[in-house]
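Enquirer: mind looking at a prediction? Sequence and model below.
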Amino acid sequence: MSGILAQTLSEKAVIGTDGSEIGTLYNLTMDIESGRIEDVIVSPTDNDTNFDFETDERGRYRVPNHLVESVKDHLVIRL
């Protein structure tokens, strides 16, 4: 995801490599010292699918940055 402005990612759809709808991009977490993105925070869709990601206190997925496969019209996450 290097070279992509965070503001262009706002509320972008997030899907899995298998085509499943995961949710919508909510935020990013970064390492302050290095400036590297650590996690992609995703608001899950309202479907009953549960993905094996750590969640925050509000139930949003904390997807490690290394699982991001591509960023175009949507973010594709390796499942």
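Expert: Structure received. Residues are numbered from 1 along each chain as shown.
Enquirer: could you list the low-confidence segments of this protein?
Expert: 1-9 (pLDDT under 70).
Enquirer: show me where it has helices.
Expert: Assigned by DSSP state H, the chain shows no helices.
Enquirer: with adjacent residues omitted, what lies nearest to Val40?
Expert: Val63 (4.5 Å; Cβ to Cβ, 6 or more residues apart in numbering). Where C-beta positions appear, they are placed from N, C-alpha and C, glycine not excepted.
Enquirer: distance check, the one you found against Val76.
Expert: Look at Val63 and Val76: by Cβ to Cβ, to the nearest Å, they are 11 Å apart.
Enquirer: who has more neighbours, the two?
Expert: It is Val63, of Val63 and Val76, that has more neighbours when counted by other Cβ atoms under 10 Å, with 22 against 19.
Enquirer: tell me the phi and psi of the spatially most distant residue from the centre of the chain?
Expert: Residue farthest from the centre of the chain, counting by Cα atoms, centre = their mean, is Glu33 at 21.3 Å. Listed backbone geometry of Glu33 is phi -70, psi -50, with angles given as degrees, to the nearest 10.
Enquirer: any idea how far it lies from Asn50?
Expert: Glu33 sits 34 Å away from Asn50, going by Cβ to Cβ.
Enquirer: state the distance from Met30 to Glu38.
Expert: From Met30 across to Glu38, the span is 6 Å (Cβ to Cβ).
Enquirer: in the sheet, who's paired with the residue nearest the centre of the chain?
Expert: Centroid-nearest residue in the chain, with Cα atoms, centre = their mean: Val40, separated by 3.7 Å. With DSSP bridges as the criterion, Val40 is bridged to Leu28, Val63.
Enquirer: same question, Ile15
Expert: Here Ile15, judged by DSSP bridges, has bridge partners Glu21, Val76.
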